[in-house]
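>>> Compute the structure for the input listed below.
(one chain, ligands or ions: 1)
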Amino acid sequence: MDTSRQQLWQNRKMYLTSMTHSGTKLFAAAFRSIGIDASEFPPSDEDSMELASKYISGDECFPLKVTAGDLLRKIRDNDFSKHRMAVFMPTAEGPCRFGQYAPLFRKLIHSMNLPPDDVLVISPTSRNSYEDLGNSSRELMRTGWRALVSADILRKFLLKTRPYETNAGETEEVYESCLDDVARVLEVPDQKPKEKLKALVQVMTKSRDRFRAVPVRREPRPLIGVVGEIFCRLNRFSNQNLVKKIEEYGGEVWLSDVGEWVWYTNSEQYRKLRLVRRRFSRAMLGAKLKNHFQRQDEHVLSAPFHDDFRGYEEPADTEAFLALANPYLPQSSAYGEMVISVAKAVYLYQKGTDGIIDISPFTCMNGTVTEAIYPRLSREHDHLPMKNFYFDGTQADLDRDVGIFLELARSYQRRKKIQRAA
Ligand code: SF4
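Numbers count the residues shown, from 1 in each chain. The predicted structure follows:
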């Protein structure tokens, strides 16, 4: 790190908003590998939500309220005499309100009359903040991508093992310990990308063996595909840990991961370049190269899990995957997670899942649109059970709805035409 960067990060801790516990924990390790002292915010709770309620109603966007609450609680609890803070908040363009998070965070911090340098908001697409990461940004993006892929793989193994464990809590213990091991590898500084990947494959293979050693009792549980808005479906606090509830009612969950959003944004980048007649341009070459290296890393990291994930394969060809949504929401005329959710629902049907649950924040248009589409999609796919669940921070009683849904899934499981490969 050069001197100005060193000054900026000296006595400063970086916090990452926790969309997924695993992904954030490992991404924080990637930050540490470039010399930034990073960690995830402590898990959201009623206290953080109450703090957020003083500034935000929640009607704007529920994930905004959750993440702002985490930030406000950390500002309140931080000992500024020991270190200053930074919060990492990526941003995006388009109709989604996510692009407004970073500006709103800055506004909130400003309204608290803190000394100007005490809390920084780092946004990778904002020019200044990107510079704050300095020359290391490229290295961070590569290690960060590997962190996200590793997290997706470990979460997948957790979900396919936990419902069948014979000793309650053992899978989760293994999972947490594997995350620690992988984080220790990711955070090693000044390592060549090739060496880092080799070390990661080793630790991931060791993790695989630990998951394989968890004692399980196999039983025919319905497999429920979970799609929907990325934050709400992956953040356990936001969705009242719906995945665990499905498991309690006898199901197993195939949860849509973080990677699929990255493949989608890459595909959108190609589509937009083609639209402005830049099919053969430097920008297109750069986008293709990025996708190539990301796919390569994913392939290498997931290779040791090939046998374990038989029947649970994620889509390998993004364009073919997104084409599954064409009869309902063509990618050329709809944008965002609604397209992915619809495509994934069809994909999961083809994989032999027994039901689809779509998780969405209340007031987000993704869920509103998919809910309108699912009845037709279900009719055209052997009446596959499909249901939307909405969350807004008020505690809902999920038992009745989950219980009924699992009964429908069991009945579908008995009559379905497409059997699972696993
Ligand atoms: S998808 Fe919906 S809930 Fe999620 S950040 Fe965007 S507007 Fe908010």
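>>> Which secondary structure element of the protein has the lowest mean pLDDT?
Within the chain, no helix or strand scores below helix 127-132, which has a mean of 47 by mean pLDDT, DSSP states H and E.
>>> Which residues are in contact with Arg76?
The contact partners of Arg76, by C-beta atoms under 8 Å, 6 or more residues apart in numbering, come to Leu51. Just so you know, the C-beta spots here come from the backbone N, C-alpha and C atoms, and that holds for glycine as well.
>>> got the phi/psi numbers for it?
phi -60, psi -40 (degrees, to the nearest 10).
>>> cool, and Leu186?
The phi/psi pair for Leu186 (degrees, to the nearest 10) is phi -60, psi -30.
>>> burial measure for it, as a count.
A count of neighbours around Leu186, defined by other C-beta atoms under 10 Å, yields 26.
>>> The chain should start at 59 in everything you say after this.
Done: numbering now begins at 59, and the last item shifts to Leu244.
>>> Asp375 and Met262, how far apart?
24 Å (C-beta to C-beta, to the nearest Å).
>>> These two - which one has more neighbours?
Counting neighbours by other C-beta under 10 Å for Asp375 and for Met262 shows that Met262 has the greater number, 26 against 9.
>>> ok, residues contacting the helix or strand hosting that one?
According to DSSP states H and E, Met262 maps onto helix 251-270. Contact partners of helix 251-270, identified using C-beta under 8 Å, 6+ apart, comprise 197, 200-201, 204, 208, 211-212, 215-216, 219, 229, 232-233, 235-236, 239-240, 242-244, 246, 249, 355, 358-359, 361-363, 366.
>>> and if we set it to 7 Å?
By C-beta atoms under 7 Å, 6 or more residues apart in numbering, the residues outside helix 251-270 that reach it are 200-201, 204, 208, 211-212, 215, 219, 232, 236, 239-240, 243, 355, 358-359, 362-363, 366.
>>> Then stretch 467-478?
Outside stretch 467-478, the residues that reach it (C-beta under 7 Å, 6+ apart) are 280-282, 309, 369, 407-410, 412-413, 440, 442-443.
>>> Just the buried subset of the contacts of helix 251-270, please.
200-201, 204, 208, 211-212, 215, 219, 232, 236, 239-240, 243, 355, 358-359, 362-363, 366 (16 or more other C-beta atoms under 10 Å).
>>> So Asn297: helix, strand or coil?
Using DSSP: H, G, I helix; E, B strand; the rest coil, the secondary structure recorded for Asn297 is coil.
>>> Just the pLDDT for it.
pLDDT for Asn297: 97.
>>> What count of nearby residues applies to it?
Neighbour count for Asn297, taken as other C-beta under 10 Å: 25.
>>> Run through the residues of the stretch 159-308 of the chain sitting next to the ligand.
Glu287, Phe289 (C-beta under 6 Å from any ligand atom).
>>> Break down the stretch 159-308 of the chain into its helices, ranges please.
Applying DSSP state H, counting those that start in this stretch to the stretch 159-308 of the chain gives helices spanning 159-169, 185-190, 195-219, 228-244, 251-270, 288-292, 300-306.
>>> got the contact list for the residue of the stretch 309-458 of the chain found nearest the ligand?
Distances between the stretch 309-458 of the chain and the ligand by C-beta to the nearest ligand atom are smallest at Cys422, namely 3.2 Å. For Cys422, the contact set (C-beta under 7 Å, 6+ apart) comprises Cys119, Glu287.
>>> quick one: it and Pro278, what's the gap?
34 Å.
>>> same thing with Ser469?
Taking C-beta to C-beta as the measure, Ser469 falls 13 Å from Pro278.
>>> quick one, which of the two is more surrounded?
Using other C-beta under 10 Å as the criterion, Ser469 and Pro278 rank with Ser469 on top: 15 against 9.
>>> quick one: pLDDT of that one?
The model's pLDDT for Ser469 equals 98.
>>> what helix or strand is it on?
Here Ser469 is assigned to helix 457-473, by DSSP H and E.
>>> Ok, Glu372 next?
Going by DSSP H and E, Glu372 is not in any helix or strand.
>>> cool, Arg434 as well?
helix 423-437.
>>> Could you check that helix and say which residues are buried?
Buried residues in helix 423-437, counted by 16+ other C-beta under 10 Å: Asn424, Gly425, Val427, Thr428, Glu429, Ile431, Tyr432, Leu435, Ser436.
>>> Among the residues you listed, which ones lie close to the ligand?
Within these, those near the ligand by C-beta under 6 Å from any ligand atom are Asn424.
>>> Can you name the residue of the stretch 159-308 of the chain nearest the ligand?
Glu287 (4.7 Å).
>>> Next, that residue: phi, psi?
phi -60, psi 130.
>>> my read: it touches Thr426, true?
No. The pair Glu287 and Thr426 fails to qualify as a contact (C-beta atoms under 7 Å) at a distance of 10.9 Å.
>>> Buried residues of stretch 301-308, list them for me.
Buried, per 16+ other C-beta under 10 Å, within stretch 301-308: Val301, Lys303, Ile304, Glu305, Tyr307, Gly308.
>>> Equivalent analysis for stretch 450-470, please.
Neighbour-count burial for stretch 450-470, counted by 16+ other C-beta under 10 Å, picks out Gly451, Leu456, Val460, Phe463, Leu464, Leu466, Ala467, Arg468, Tyr470.
>>> Now that stretch - C-alpha only, CSV.
In CSV, the C-alpha atoms belonging to stretch 450-470 read as follows (Å, rounded to 0.1, in the frame of the first residue of the first chain):
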residue,chain,number,x,y,z
ASP,A,450,-40.9,-6.3,6.1
GLY,A,451,-39.4,-6.8,9.6
THR,A,452,-42.6,-7.5,11.4
GLN,A,453,-42.6,-10.9,12.9
ALA,A,454,-44.9,-13.2,10.9
ASP,A,455,-46.1,-16.6,12.0
LEU,A,456,-44.5,-18.8,9.3
ASP,A,457,-45.5,-22.2,10.6
ARG,A,458,-48.9,-22.5,9.1
ASP,A,459,-47.8,-21.4,5.6
VAL,A,460,-44.6,-23.5,5.6
GLY,A,461,-46.5,-26.5,6.9
ILE,A,462,-49.1,-26.3,4.2
PHE,A,463,-46.6,-25.7,1.5
LEU,A,464,-44.5,-28.7,2.5
GLU,A,465,-47.7,-30.9,2.3
LEU,A,466,-48.2,-29.7,-1.3
ALA,A,467,-44.6,-30.4,-2.1
ARG,A,468,-44.9,-33.9,-0.7
SER,A,469,-48.0,-34.6,-2.8
TYR,A,470,-46.2,-33.2,-5.9
